[in-house]
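Q: A predicted structure for the sequence below; I have some questions about it.
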Amino acid sequence: MLPWQLPLLCLASVLSLPVDAATRPLTILGLVPQKSDQNSTIYSSPDMIPLACMAVNDINAMGILPGYTLMLNISYTQCDLSEGVWQLIQNVILSKPSPDQLPIMFLGGGCSSSIEPLAALTGRFYSATQVSFGSSSPTLTDRVRYPKFFRTIPSEVQTNVLRLAIMKAFNWTKVATLYQTEDIFSVSTSDFMTKYNQLYGSANNSDKLFSRSFTDDPYIPLQQIKENDVRIIFIWMYEDKAVHTFCKAISNGLTGKNHVWILPGWYSDKWWTKYPSLTSDCTISKIEQALTYALVVDFYSLPSNTQSLGVSQYNNSQFLDTYSRYLSSFRSVSNSRNSSPLSCSALQQSTTTATIDPAVSKAEMNLTTNFALSLANFSYNNTVITDAIFSAMMATNFSGASGSVTFDNVGSRNGLNVLYQMISDPGSGLIQKQIGVHDPALDGTVLMNRAAIMWPGGVAPLDSPVPKDVFLTTALVNTFHAIITFSILIVLTLLVFNIATLGKPLIANSAPHINTLIILGCLLLLATCYLLGIDSNNPPPDPQHINTRYAIICTLRLWLLTIGFSLSFGSLFGKTWQVYRVYTNPALKKEPFKMWNFSFWILGFLIVDVAYLSLWTAVWPFSRDIINKTDTNDNLIQHIEHCSCSNFTYLIGALYVYKGLLVVFGLFLAYESRNVKYFYINDSRFVTIAMYIVVILVGIGATISLVLTQNWFGDPAYSLAVSMVIAACLSCLLILYVPKFIYMAKGMDTMVVENMKEEVVTAEGLQMGRTITEQPSVCEMRTTVTANDTVEETKTSGNPNNGSDRDSGVDENVADSPESNSNDASANVPMDIKQDV
């Protein structure tokens with residue numbers, strides 16, 4: 001059927017009704033918003049015309065207007081302002097209609113942008129009543145500009161009450177409004193913001209309510225919404241802009257389980273599929289995925305099946321059946337809603353046409369009774385008749401296809417609001433499912449069917465992450481404190497052992513004073529582990545001093561960790577350096593270890609540390625700072641406290657570089673001197689092993705701990721840092737002392753016998769478990785030859801003058817040298833040695 005045949009068929013169906021020949025036609029001009037091309041997907045509502053004809057036919061058939069026949073002329077406005085004005089001028093002026101053809105009322109249209117100027121013309125210039133079925137612009141409530149305008153849908157601002165009720169129901173306060181820069185949308189958004197401020201207070205809402213607008217491209221407003229982390233987004237815009245907006249929102253990550261979009265309810269069915277040219281950046285399937293779980297605010301349009309539908313006496317089922325027959329006869333494709341053959345606009349078209357009839361009937365009765373006039377005397381200059389029609393419209397009260405029909409004082413329909421949710425149905429695709437009803441006249445509560453609501457994960461998204469103060473887990477801290485305490489007891493035991501056995505040759509020849517400094521350094525490092533477990537929750541401080549206490553703890557952590565590392569690692573470094581000197585200069589093997597040489601290294605490390613830390617503490621002191629970390633998976637915004645100071649990155653970087661170079665240099669020294677045996681540091685090979693382990697643990701631990709700390713992994717960072725410190729300290733000390741325990745357990749530490757003079761012999765000449773006696777003329781030496789796995793006993797006359805060699809120490813390689821195995825070796829024997837029985 002051609003487009004122009006629809007209105008002709010409608011008129012033909014009216015004229016074919018059996019009416020009295022004496023009846024007078026009353027003409028209504030229908031302004032249809034669709035384009036004349038019925039195949040166009042933009043503003044296409046093919047169900048409007050058949051529904052209007054259905055209502056006109058029922059009115060005329062029932063004889064509600066005795067003596068009159070209701071006529072309907074239809075014009076296409078195409079939702080265009082200029083086209084709408086042109087159709088009005090053509091039908092009222094240029095066509096020079098006869099009095100019988102002069103429109104007494106105007107029906108339509110559906111687009112606010114084109115209806116606003118038409119409503120101003122019909123109301124102020126022609127003083128005629130106009131009834132719209134789809135214009136929800138709040139601007140049309142202005143009775144000065146639009147004195148005789150009515151609409152059978154609520155104003156867009158009425159649904160704002162529902163929007164605020166939704167926020168209250170789901171405990172949302174942080175929201176964004178995104179609207180197209182059109183009067184209808186800007187006024188609606190302004191009204192929403194006014195109501196929002198009245199509900200939540202105008203103060204301190206700058207970080208709660210974000211309003212953004214756009215003319216053509218919504219990219220920048222969406223970016224701003226994303227930057228402010230707004231998850232609840234209300235939109236006011238036309239369908240084509242909505243498609244464009246969702247494509248941009250998908251690319252910006254503003255869709256998904258943490259975001260909720262609230263849409264107006266007057267969009268057509270499957271509107272996201274009608275603009276293929278706008279979906280180049282995304283696909284229809286992606287838009288449908290983004291729309292899933294979105295909310296739709298609308299007015300309540302369909303009463304229960306048992307309710308009577310006004311003068312036509314249709315109930316819900318009967319109305320649908322009759323409408324289907326009209327739709328079939330006009331060969332029209334319905335813009336269905338929720339997969340039914342009835343759309344929202346169709347219901348309002350029928351209701352709007354039905355609304356005109358009782359108003360005209362009441363006006364006729366009023367004119368006849370009070371003014372001795374009738375509608376046959378209608379003209380635009382007769383204000384008595386036009387005012388009578390207006391008054392009858394204001395008094396309208398009946399039950400129509402979409403429920404009770406009454407108007408408020410500005411011509412907007414009173415009624416219920418309804419809340420839908422877009423749900424993916426396996427059989428029908430994306431559909432709208434009713435989840436709540438709202439009566440604006442009540443306290444603003446939404447009667448919600450919460451069992452029907454579907455959310456990702458079963459929980460409504462939050463408007464913003466929930467603030468949560470993140471502290472170290474108390475159980476974890478207590479566990480590590482127990483481990484630290486046990487470790488400190490072990491270290492103290494080693495300290496007592498080291499002091500108690502200073503007189504033992506085995507301990508005396510292992511640089512025991514250096515070992516004491518290593519132990520003290522480890523104690524400081526372990527004490528630092530206690531401080532790492534102290535935050536604003538473990539234990540809770542006085543709120544007035546929380547910042548001061550935390551700053552002091554941060555400072556102590558830095559000082560103890562740095563000084564402890566210098567004492568422990570610096571002492572290992574000093575021992576390794578002495579062994580390396582022996583490696584580079586074998587002549588030093590005969591020289592005892594000089595403590596002042598070692599003290600120079602330790603004192604130098606400590607002076608550098610104290611100077612650097614003092615400057616740091618004085619110029620860039622620590623403070624307590626809170627870092628906000630958003631966890632999108634759990635919808636949390638974690639408040640994490642940490643130590644902060646100016647230029648922290650540069651300061652800690654310089655300290656890392658300084659200590660790192662020492663560690664690398666110490667590793668080099670340990671590797672180079674790994675095979676050196678030095679009598680005065682008899683645990684040199686264990687020092688080398690300890691150096692390797694410390695370097696590995698410090699390198700790995702410092703790197704991973706720094707990464708975890710920068711990413712604010714509290715418990716893992718704390719666990720790793722404490723574990724690495726404990727492992728480094730215990731491994732270092734146990735490697736140094738366990739071999740000593742083993743030697744002493746075998747009785748190999750009895751180098752000093754009572755009433756005997758202690759003698760220092762070479763490492764090769766010394767065997768554990770022997771004592772030294774002075775023999776003025778005879779020396780007995782027993783040598784174990786490990787290379788040949790044989791034992792040779794040699795007796796020779798000794799030279800008593802060689803006793804001076806005993807105090808100086810002899811090269812450990814002397815016993816292995818060829819000269820020591822020759823027959824002339826007796827000249828080099830320093831003392832008499834015999835087995836201690």
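A: Perfect, thanks for sending it.
Q: for the chain, where's the lowest mean pLDDT among helices and strands?
A: strand 833-834 (a mean of 32; mean pLDDT, DSSP states H and E).
Q: show the average pLDDT along the strand or helix carrying A388.
A: Following DSSP states H and E, the helix or strand that holds A388 is helix 383-394. For helix 383-394, mean pLDDT rounds to 89.
Q: now stretch 455-471
A: 82.
Q: repeat that for stretch 187-204.
A: 83.
Q: before we move on, what about stretch 278-288?
A: 84.
Q: Q130 reaches P117, doesn't it?
A: No. Between Q130 and P117 there is no contact, the gap being 11.6 Å when judged by C-beta atoms under 8 Å. Using the backbone N, CA and C atoms, a C-beta is placed for each residue, glycine as well.
Q: comparing the two, which residue is more hemmed in?
A: Between Q130 and P117, Q130 has the larger neighbour count (other C-beta atoms under 10 Å), namely 29 against 15.
Q: secondary structure class for the closest residue to that one other than its chain neighbours?
A: Computed as C-beta to C-beta, 6 or more residues apart in numbering, the closest residue to Q130 that is not its neighbour in sequence is F106, at 4.1 Å. Under the three-state scheme (DSSP: H, G, I helix; E, B strand; the rest coil), F106 adopts strand.
Q: relative to I49, how far out is F106?
A: Separation of F106 from I49 (C-beta to C-beta, to the nearest Å) stands at 16 Å.
Q: comparing those two, which shows the higher neighbour count?
A: Set F106 next to I49 and count neighbours by other C-beta under 10 Å: F106 wins out with 29 against 24.
Q: report the beta-bridge partners for the more buried one.
A: Note on F106: beta-bridge partners by DSSP bridges are L29, Q130.
Q: ok, it touching S127?
A: No. Using C-beta under 8 Å, F106 is not in contact with S127, being 11.8 Å away.
Q: surely F234 is in a helix?
A: No. Applying three-state DSSP, one finds F234 to be strand, outside a helix.
Q: next up, the contacts around it.
A: 163, 175-178, 192, 262 (C-beta atoms under 8 Å, 6 or more residues apart in numbering).
Q: can you check the pLDDT for it?
A: 96.
Q: quickly note the distance from it to A55.
A: Counting by C-beta to C-beta - F234 and A55 are separated by 34 Å.
Q: now L669
A: 101 Å.
Q: looking at the two, which has the bigger crowd around it?
A: With other C-beta under 10 Å as the criterion, L669 and A55 differ in neighbour count, and A55 comes out ahead with 26 against 22.
Q: show me what the helix or strand hosting the more buried one is packed up against.
A: According to DSSP H and E, A55 maps onto helix 48-62. Secondary-structure packing of helix 48-62 (3 or more C-beta pairs under 8 Å, 6 or more residues apart in numbering; DSSP states H and E): helix 5-15, strand 24-32, strand 68-76, helix 316-329, helix 344-366.
Q: in terms of mean pLDDT, which of those ranks lowest?
A: Looking at the helices and strands packed on helix 48-62, the weakest mean confidence is helix 5-15, a mean of 36.
Q: distance of the residue nearest to Q130 relative to S361?
A: From F106 to S361 the distance is 18 Å (C-beta to C-beta).
Q: for I553, same thing?
A: 86 Å.
Q: with C247 instead?
A: 50 Å.
Q: next: P739.
A: 114 Å.
Q: could you do S404 as well?
A: For S404, the distance to S361 - C-beta to C-beta - is 19 Å.
Q: so where's the stretch 401-550 of the chain shaky on pLDDT?
A: 401-403, 441-444 (pLDDT under 70).
Q: what about the strands in it?
A: 403-405, 417-425, 429-438, 446-448, 466-470 (DSSP state E, counting those that start in this stretch).
Q: a markdown table for those strands, including mean neighbour count?
A: Formatted as a markdown table, the strands of the stretch 401-550 of the chain follow (neighbours: other C-beta atoms under 10 Å):
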| stretch | mean neighbour count |
| --- | --- |
| strand 403-405 | 19 |
| strand 417-425 | 20 |
| strand 429-438 | 19 |
| strand 446-448 | 18 |
| strand 466-470 | 13 |
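Q: could those strands be laid out in CSV, adding distance to L606?
A: Converted to CSV, those look like this (distance: least, C-beta to C-beta, whole Å):
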stretch, distance to L606
strand 403-405, 88
strand 417-425, 69
strand 429-438, 71
strand 446-448, 70
strand 466-470, 36
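Q: out of those strands, nearest to T279?
A: T279 sits nearest to strand 429-438 of all those, at 14.8 Å, using C-beta to C-beta.
Q: got any ranges where the stretch 101-250 of the chain has weak pLDDT?
A: 202-206.
Q: show the contacting residues for E288.
A: 272, 424, 429-430 are the contacts of E288 under C-beta under 8 Å, 6+ apart.
Q: mind doing that once more with 6 Å?
A: L430 (C-beta atoms under 6 Å, 6 or more residues apart in numbering).
Q: any idea how far T555 is from it?
A: 57 Å.
Q: quick one: buried residues of stretch 49-68?
A: Across stretch 49-68, burial judged by 16 or more other C-beta atoms under 10 Å covers 49-60, 64-65, 68.
Q: which stretches of the stretch 551-700 of the chain have low pLDDT?
A: In the stretch 551-700 of the chain, residues with pLDDT under 70: 582-583, 587-597, 630-636, 673-685, 699.
Q: ranges for the strands of it?
A: Using DSSP E, counting those that start in this stretch, strands in the stretch 551-700 of the chain cover 623-631, 636-644.
Q: G415 is in contact with F299, isn't it?
A: Yes. Taking C-beta atoms under 6 Å as the definition, G415 is a contact partner of F299 at 5.3 Å.
Q: C247: which element?
A: Here C247 is assigned to helix 239-251, by DSSP H and E.
Q: ok, and for that helix, which residues are buried?
A: 239, 241-250.
Q: that helix versus strand 232-236: what angle between them?
A: 160 degrees (axes from the mean of the first three to the mean of the last three C-alpha atoms, to 10 degrees).
Q: which helices and strands does helix 239-251 pack with?
A: Helix 239-251 sits against helix 219-227, helix 284-291, with contacts defined as 3 or more C-beta pairs under 6 Å, 6 or more residues apart in numbering; DSSP states H and E.
Q: including distance to F486, could these go into JSON lines?
A: JSON lines is the format used below for those (distance: least, C-beta to C-beta, whole Å):
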{"stretch": "helix 219-227", "distance to F486": "50"}
{"stretch": "helix 284-291", "distance to F486": "55"}
